[in-house]
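**Student:** I'd like to go over a predicted model; first the sequence, then the structure.
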Amino acid sequence: MTELISVTGLRKSFGDLAVLRGIDFTVDEGTVTAVIGPSGSGKTTLLRSLNALDVPDAGVIRVADVTVDFSGPVSGADTAAYRSQSGFVFQNHNLFPHKTVLQNVIEGPVVVQRRPAAEATADARDLLASVGLADRLDAYPSQLSGGQQQRVGIVRALALRPKVLLLDEPTSALDPELVGGVLAVIKDLAAQGWTMVVVTHEIMFARKVADQILFVDDGLIAERGTPAEVIDAPSNDRTAQFLRRLS
Ligand code: ADP
């Protein structure tokens, strides 16, 4: 398998708080990695670092063919090239409320990537149809359910044609009855071969869909392996304790 992401020695502090304390892992192309662990352990910061939404203090991260060493000076051009390799799906989707579904999706491709509007629109229509939103192109976010809004959030990230999709607790802001629909979309993207890294509390979903699980505890990866290894037979006490608390 081709390695798409490699992270070595990733560190990040906010003031005196050391949130990531030396993170190493790799992600193969076409696989799903689920990041699990206690609240406040650094999962979101880890994910945001992969898109330079949080800028690491140290460490080398390669995403596809862009490598950045955050221990040294990093130029704006480096950050832009690095960021363009991944698409980020926020917990609260962050849609523009005054733009329609279609306008939300084509904004990035047209304004940031300078792709022709007609091409971006055709692409957006296809992607929105693939998540069951073909008939909601002209709706505003407030006219959609939370689950539909999050599906637009996913499509908006996909429309930038990233090499990897990063999803930060994509279902945790949803009413319980809407969670399944969004997880089904993510599962479908996995089946299509999208490389994804997803921070999630949905352990059963992670067990079913992920190829690799990272258990993050106190700024370190305490355990890394397949779902069968990490979820069914954890070798680390902290992982076992965390999983017991969820069940
Ligand atoms: P998790 O996703 O595992 O819940 P986070 O990565 O969101 O953990 O946060 C880890 C720690 O870093 C928490 O203590 C959080 O309060 C802190 N933190 C996260 N982002 C910031 C920030 N921008 N400024 C200050 N502290 C932050």
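**Tutor:** Now that the structure is in, tell me what you want to look at. These numbers come from a predicted model, not from an experiment.
**Student:** Could you tell me which residues of this structure lie near the ligand?
**Tutor:** Counting by Cβ under 6 Å from any ligand atom, the residues of the chain close to the ligand are Phe14, Leu17, Val19, Gly37, Ser39, Gly40, Ser41, Gly42, Lys43, Thr44, Thr45. C-beta coordinates here come from the backbone N, C-alpha and C atoms, glycine included.
**Student:** redo that, cut-off 5 Å
**Tutor:** Phe14, Val19, Ser39, Gly40, Ser41, Gly42, Lys43, Thr44, Thr45 (Cβ under 5 Å from any ligand atom).
**Student:** If you drop the residues flanking it in sequence, what lies closest to Val152?
**Tutor:** Leaving out its chain neighbours, the residue that sits closest to Val152 by Cβ to Cβ, 6 or more residues apart in numbering is Val101, at 5.4 Å.
**Student:** Counting neighbours, what do you get for the one you found?
**Tutor:** 25 (other Cβ atoms under 10 Å).
**Student:** how near is it to Leu133?
**Tutor:** Distance of Val101 to Leu133, computed by Cβ to Cβ, to the nearest Å: 7 Å.
**Student:** Also Asp16?
**Tutor:** Distance, Asp16 to Leu133, using Cβ to Cβ: 45 Å.
**Student:** and the two? which has more neighbours close in?
**Tutor:** Neighbours per residue, other Cβ under 10 Å: of Asp16 and Leu133, the larger number sits with Leu133, 20 against 5.
**Student:** State the helix or strand in which the residue nearest in space to the middle of the chain lies.
**Tutor:** For the chain, Leu166 is the residue whose C-alpha lies nearest the centre (Cα atoms, centre = their mean; 1.6 Å). Take DSSP states H and E as the rule and Leu166 turns out to sit in strand 164-168.
**Student:** Just checking the distance from that strand to the centre of its chain.
**Tutor:** Strand 164-168 sits 2 Å away from the centroid of its parent chain (Cα atoms, centre = their mean, to the nearest Å).
**Student:** Show me the contact partners of it.
**Tutor:** Residues from elsewhere that reach strand 164-168 (Cβ atoms under 8 Å, 6 or more residues apart in numbering): 4-5, 27, 44, 47-48, 50-51, 63-64, 85-91, 154, 157-158, 186, 189, 194-200.
**Student:** C-terminal to it, what's the next element?
**Tutor:** Going down the chain from strand 164-168, the next helix or strand is helix 176-191, by DSSP H and E.
**Student:** what's that next one packed up against?
**Tutor:** Counting contacts by 3 or more Cβ pairs under 8 Å, 6 or more residues apart in numbering; DSSP states H and E, helix 176-191 packs against helix 146-158, strand 195-199, helix 203-209.
**Student:** Repeat the analysis, applying 6 Å as the threshold.
**Tutor:** helix 146-158, helix 203-209 (3 or more Cβ pairs under 6 Å, 6 or more residues apart in numbering; DSSP states H and E).
**Student:** In the sheet, which residues pair with Asp217? Tell me.
**Tutor:** With DSSP bridges as the criterion, Asp217 is bridged to Leu220.
**Student:** Neighbours of it, how many?
**Tutor:** The criterion is other Cβ under 10 Å. On that basis, Asp217 has 19 neighbouring residues.
**Student:** Make residue 1 into 37 and carry on from there
**Tutor:** Sounds good: first residue 37 from here, last item Asp253.
**Student:** all helices of the chain, in order?
**Tutor:** Applying DSSP state H to the chain gives helices spanning 79-85, 112-119, 137-143, 153-166, 182-194, 212-227, 239-245, 263, 273-282.
**Student:** Same list as before, those helices that is, but in CSV and with distance to Asp105 and mean pLDDT included.
**Tutor:** Formatted as CSV, the helices of the chain follow (distance: least, Cβ to Cβ, whole Å; pLDDT from 0 to 100):
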stretch, distance to Asp105, mean pLDDT
helix 79-85, 13, 98
helix 112-119, 9, 90
helix 137-143, 31, 97
helix 153-166, 33, 96
helix 182-194, 26, 95
helix 212-227, 31, 92
helix 239-245, 31, 94
helix 263, 32, 97
helix 273-282, 30, 92
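**Student:** Brilliant, that's me finished.
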